[in-house]
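> Sequence and predicted structure, then a few things I'm wondering about:
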Amino acid sequence: MHIVIDEKAGPCGGVKRVIKLAEQKLAAGEKIASRGEVIHNSVEISRLEKLGLKTAAEDSIKHIDDSGQPHKLLIRAHGATPAVFDEADRQGVEVIDGTCPVVTRSQKLARKYHEQGYQVVVVGKPKHPEVIAIVGHCDNQARVVHQETDIARLDTDRPTFVLAQTTIDENYFNTMLAAIARHVHIVEQRNTICAFVSNRKDQLRAFAAGCDVVLLVGGKNSSNTRVMFDDCRAVNPRSYWIETAADIELGWLEDDDTVGISGSASTPGWLLEQIAVELRRRFMR
């Protein structure tokens with residue numbers, strides 16, 4: 001068996017940024033709590049929690065410690081609505097803004113077109129935290145299109161601006177964009193898919209095609225991992241989505257396989273290395 005780690009794998013800039021922010025604050029002795037899971041990777045969250053990071057509820061602003069003092073509130077890379085920042089200020093909670101700059105760009109674009117009177121449409125998942133935050137920057141009046149049936153609810157008489165959730169598949173966005181254009185009269189659009197995500201598509205497909213088996217490492221609640229897993233399966237049916245080495249099943253592997261290990265935008269490089277070590281220990285005796 002030959003084990004190969006995808007040299008292009010590793011977390012995106014937004015994930016690296018928010019993790020570094022958390023590590024710096026914790027190392028300085030500050031008490032911080034992430035509003036919801038800081039990233040969609042349970043293993044990395046566990047590591048950060050061991051350093052002192054707390055995970056507050058999705059709808060929480062104030063996380064109180066044993067002394068009765070509130071933790072500083074860490075906004076994850078997905079961002080948050082303006083209402084969250086306003087409420088934190090009202091409650092006297094200091095905010096550490098870990099919003100990915102790519103997501104911040106989307107929020108500003110959406111707000112700009114909303115203020116100009118456009119109907120703002122976000123192509124993506126309506127319950128995804130990034131999408132919720134973008135809609136919030138439009139006074140909660142932006143529309144979300146997840147499937148073609150959602151398009152019938154759009155206002156056909158208003159000029160419309162369409163943008164994308166940053167982690168969706170580009171072909172999916174283009175398909176939805178074309179369908180929206182057939183329904184509304186005027187469409188302005190911006191492909192706001194993260195370049196890291198879109199560039200990884202061809203890289204990952206080439207990597208997956210060159211392996212007998214692919215182990216894609218990422219959180220089961222990660223939209224980016226879902227897109228990447230579908231890309232792997234499209235070129236290599238022996239692709240498996242795992243979170244840790246414990247998920248690997250013996251029946252997936254054969255002695256002469258080349259096993260490729262890759263990860264999503266929220267999967268740290270150290271975890272890929274850890275899985276490779278465990279794979280050698282369990283299957284290469």
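Cool, got the structure.

> Residue 106: what's its closest spatial neighbour, skipping adjacent residues?
residue 192 (4.6 Å; Cβ to Cβ, 6 or more residues apart in numbering). In this view, the C-beta of every residue, glycine as well, is placed from N, C-alpha and C.

> Apologies, that question was intended for residue 250.
Leaving aside its sequence neighbours, residue 250 sits nearest to residue 283 (Cβ to Cβ, 6+ apart; 7.4 Å).

> Packing partners of the strand or helix carrying residue 271?
Per DSSP states H and E, residue 271 falls inside helix 269-283. Identification of packing neighbours for helix 269-283 by 3 or more Cβ pairs under 8 Å, 6 or more residues apart in numbering; DSSP states H and E yields strand 2-5, strand 213-217, strand 258-263.

> Count the residues that sit near the residue nearest to residue 106.
23 (other Cβ atoms under 10 Å).

> just residue 57 next, same as before
Going by other Cβ under 10 Å, the residues that sit close to residue 57 add up to 10.

> One more: residue 264?
A total of 30 residues lie near residue 264 under the criterion other Cβ under 10 Å.

> Touching, it and residue 217? I think so.
Yes - if you go by Cβ atoms under 8 Å, residue 264 and residue 217 touch, sitting 7.2 Å apart.

> Do a quick rundown of the strands in the chain.
2-5, 32-35, 54-56, 72-75, 95-97, 119-123, 143-145, 160-164, 187-190, 213-217, 239-242, 258-263 (DSSP state E).

> quick revisit: closest one to residue 138 among the helices and strands packed on helix 269-283?
strand 258-263 (32.8 Å; Cβ to Cβ).

> any chance of the strands of the chain in TSV, with mean pLDDT and distance to residue 106 too?
Shown next, in TSV, are the strands of the chain (pLDDT from 0 to 100; distance: least, Cβ to Cβ, whole Å):
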stretch	mean pLDDT	distance to residue 106
strand 2-5	95	31
strand 32-35	90	19
strand 54-56	86	24
strand 72-75	92	15
strand 95-97	94	15
strand 119-123	97	8
strand 143-145	97	13
strand 160-164	97	6
strand 187-190	92	8
strand 213-217	97	26
strand 239-242	96	27
strand 258-263	96	24
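
> Of all those, which one is nearest residue 152?
Taking Cβ to Cβ, strand 143-145 is the member of the strands of the chain nearest to residue 152, at 10.2 Å.

> Show me what the closest one is packed up against.
Under the contact criterion of 3+ Cβ pairs under 8 Å, 6+ apart, strand 143-145 touches strand 119-123.

> Give me the helices and strands touching the strand it packs on, please.
Looks like strand 119-123 contacts helix 101-115, helix 129-136, strand 143-145, strand 160-164, helix 170-183 (3+ Cβ pairs under 8 Å, 6+ apart).

> partner strands of the helix or strand of the chain with the lowest mean pLDDT, parallel or antiparallel?
Every helix and strand of the chain was ranked by mean pLDDT, DSSP states H and E. The lowest is strand 54-56, at a mean of 86. Using DSSP bridges, the strands paired with strand 54-56 in its sheet are strand 32-35 (parallel).

> Using CSV, list the CA coordinates for the partner strand.
Provided in CSV are the C-alpha atoms of strand 32-35 (Å, rounded to 0.1, in the frame of the first residue of the first chain):
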residue,chain,number,x,y,z
ILE,A,32,-13.2,33.7,24.3
ALA,A,33,-16.3,31.9,23.1
SER,A,34,-17.1,31.2,19.5
ARG,A,35,-20.7,31.9,18.4
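
> Now find how far off-centre that strand is within its chain.
Remark: strand 32-35 is offset 17 Å from the chain centroid, using Cα atoms, centre = their mean, to the nearest Å.

> residues in contact with the residue nearest to residue 212 when sequence neighbours are not counted?
Residue nearest to residue 212 in three dimensions, not counting chain neighbours: residue 257, with 4.1 Å by Cβ to Cβ, 6+ apart. Residue 257 makes contact with 1-2, 212-213, according to Cβ atoms under 8 Å, 6 or more residues apart in numbering.

> try residue 151
If a contact means Cβ under 8 Å, 6+ apart, then residue 151 has 145, 176, 179-180, 183 as its contacts.

> how about TSV for these, with distance to residue 208 added?
Formatted as TSV, the contacts of residue 151 follow (distance: Cβ to Cβ, whole Å):
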residue	distance to residue 208
145	29
176	25
179	29
180	31
183	36
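
> Show me which of these are buried.
Buried members of those, scored by 16 or more other Cβ atoms under 10 Å, are 145, 176, 180, 183.

> Quickly check these for the two that are furthest apart.
176 and 183 (10.7 Å).

> With that, I have no additional questions.
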